[in-house]
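1. this one's structure only:
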C-alpha cells in the first residue's frame, strides 16, 4: 500500500481544546472533516464541531435538538437492557439510533493555510427543524459563479440525508431543505455546469441488496436531482471493501474530473483514494487507484475519538498543488499537500 501525502509538520492544525463550546453545558469532543473554500483572499474551514456533556459513572448522556431549536440532554442508565452502546459514535436505545454527540459547523479562517482563527462576528451553522435535530455534519463547499453551495449531512430520528444551504457573502444563508432523503450522505456538487446541467456525487446506502456506493446525479437547478447512476463500488479484499464516499468537489484536469474519495474496510479503518471521470460525461469512470493515496500512519491519525481514520471533504487547488484538509481519528483537523500529477499517475 502506498501513501503519497506530504503532511503538514504543524499537524494537528486544530484540536478540541482550541475552540470554545457553543453552550456552557457542553464540551467539544471532536473537530472533524472541514469543508474548505477561498473567500476574500483567505482560506476558510467550515469545521464540524461535535459536542457532548461530561459523562458520569453509570449513566450515558447525549445531546439532541428539540422542536424549539434548543439543546436537550437525554440521560439513560448504562445498565438499561434496552441500551446498546458498543460504538463511540452511535448508540441504540429501544430500537432507535442516537448520536453520542451533537454537531454544528464553525467558520475559521487563515492567511497562511496553517494557522486558523475564529472571526468574532461569523455565525455558527446549526441544525434547524425536525430533519436536523441530531445536528449537521461534514459539509462540502462548492462555488459556482459567486454562489457557494453547502451540502451537509442532516441527522434526525427520521434518518440521515443531505441538506443544502447557499450563500454569497457568508453572512446570510438560504436553506434549500433536504435534497437527497435518507439514507444518503457524502454529497459533493461539481463546481461548473456540464452541458448546462449541475452534477453531484452522493452516497445512498442499500445494505440489504447493494451497499454503500458512490452515485452521480444531475439537475437543472441544483435543487431537484435525477438520472441517478451508480459509478463506484466497494472492492472485496481491498482497503475500500466496506464502504466508499466522495470527498470534496471534483477537480477539473485535462484528463478528466479527479475525485478524492474515502474508503473503509470491515474494521472501520478509513483511507483515501482517487478516481477519474470523463469530462463530458462524468457518469463514466475512466480510472481508479488500486492502493490508497493516503492511509492513517501518524499517531494523531491512529489514535483519537475513533482511531485509524483519515477523512476529507475539503481542499484548495493551486496549479499542480492540492492542499487537502482532513479529519484525523475523528478528533483533529490536519493538512497535507499532494501533487495532482502524482495522483493521476497512481490511477489504474
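-> Thanks, I have it. Since the structure is predicted, the reported quantities are computational estimates derived from the model, not experimental observations. Numbers count the residues shown, from 1 in each chain.
2. for residue 126, see how far away residue 21 is.
-> 13 Å (CB to CB, to the nearest Å). Using the backbone N, CA and C atoms, a C-beta is placed for each residue, glycine as well.
3. which stretches of the chain have low pLDDT?
-> 1, 55-56, 64-69, 88 (pLDDT under 70).
4. quick check, central residue of it?
-> The centre of the chain sits closest to residue 138, judged by CA atoms, centre = their mean, with a distance of 3.1 Å.
5. pretty sure that residue sits against residue 313.
-> Yes: using CB atoms under 8 Å, residue 138 makes contact with residue 313 at a distance of 5.6 Å.
6. mutual contacts of those two, please.
-> Both residue 138 and residue 313 are contacted by 33, 35, 186, under the criterion CB atoms under 8 Å, 6 or more residues apart in numbering.
7. who does the helix or strand hosting the last one pair with, and is each partner parallel or antiparallel?
-> When you say that, I think you mean residue 186. Residue 186 belongs to strand 184-189 when assigned by DSSP states H and E. Counting by DSSP bridges, the strands paired with strand 184-189 are strand 198-204 (antiparallel).
8. residues in contact with the strand it pairs with?
-> Taking CB under 8 Å, 6+ apart as the rule, strand 198-204 contacts 144, 151, 162, 180, 183-190, 212-222, 225, 243-246, 250, 259, 282.
9. I'd like to know which of the residues you listed are buried.
-> 144, 151, 162, 180, 184-190, 212-219, 222, 225, 243-246, 250, 259, 282 (16 or more other CB atoms under 10 Å).
10. hang on, isn't residue 52 packed against residue 29?
-> Yes: using CB under 8 Å, residue 52 is in contact with residue 29, at 5.1 Å.
11. need the overlap of contacts for those two.
-> Joint contacts of residue 52 and residue 29 (CB under 8 Å, 6+ apart) are residue 101.
12. so residue 123 is in which element?
-> Applying DSSP H and E, one finds residue 123 in no helix or strand.
13. repeat for residue 317
-> Here residue 317 is assigned to strand 310-318, by DSSP H and E.
14. end-to-end on stretch 206-217?
-> 17 Å (CA to CA, to the nearest Å).
15. outside of it itself, list whatever touches it.
-> 180, 186, 199-205, 225-234, 242-246, 261, 277, 282-283.
16. so what's residue 136 up against?
-> 103-105, 125-127, 152-155, 163.
17. helix, strand, or coil at residue 344?
-> helix (DSSP: H, G, I helix; E, B strand; the rest coil).
18. does it really touch residue 254, like I thought?
-> No: here residue 344 does not reach residue 254: they are 9.2 Å apart, not a contact under CB under 8 Å.
19. comparing the two, which residue is more hemmed in?
-> More crowded of residue 344 and residue 254, by other CB atoms under 10 Å: residue 344, with 18 against 6.
20. state the distance from that one to residue 135.
-> Residue 344 is 36 Å from residue 135, by CB to CB.
21. next one: residue 201
-> For residue 201, the distance to residue 135 - CB to CB - is 22 Å.
22. could you do residue 216 as well?
-> 27 Å.
23. quick one: the helices in the stretch 151-300 of the chain?
-> 299-302 (DSSP state H, counting those that start in this stretch).
24. where do the strands sit along it?
-> For the stretch 151-300 of the chain, strands defined by DSSP state E, counting those that start in this stretch occupy the ranges 159-167, 174-180, 184-189, 198-204, 214-219, 225-232, 243-246, 251-253, 256-264, 270-277, 285-288.
25. adding distance to residue 112, write the ones you listed out as JSON lines.
-> Output for the strands of the stretch 151-300 of the chain, formatted as JSON lines (distance: least, CB to CB, whole Å):
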{"stretch": "strand 159-167", "distance to residue 112": "24"}
{"stretch": "strand 174-180", "distance to residue 112": "31"}
{"stretch": "strand 184-189", "distance to residue 112": "26"}
{"stretch": "strand 198-204", "distance to residue 112": "30"}
{"stretch": "strand 214-219", "distance to residue 112": "33"}
{"stretch": "strand 225-232", "distance to residue 112": "34"}
{"stretch": "strand 243-246", "distance to residue 112": "28"}
{"stretch": "strand 251-253", "distance to residue 112": "22"}
{"stretch": "strand 256-264", "distance to residue 112": "23"}
{"stretch": "strand 270-277", "distance to residue 112": "24"}
{"stretch": "strand 285-288", "distance to residue 112": "34"}
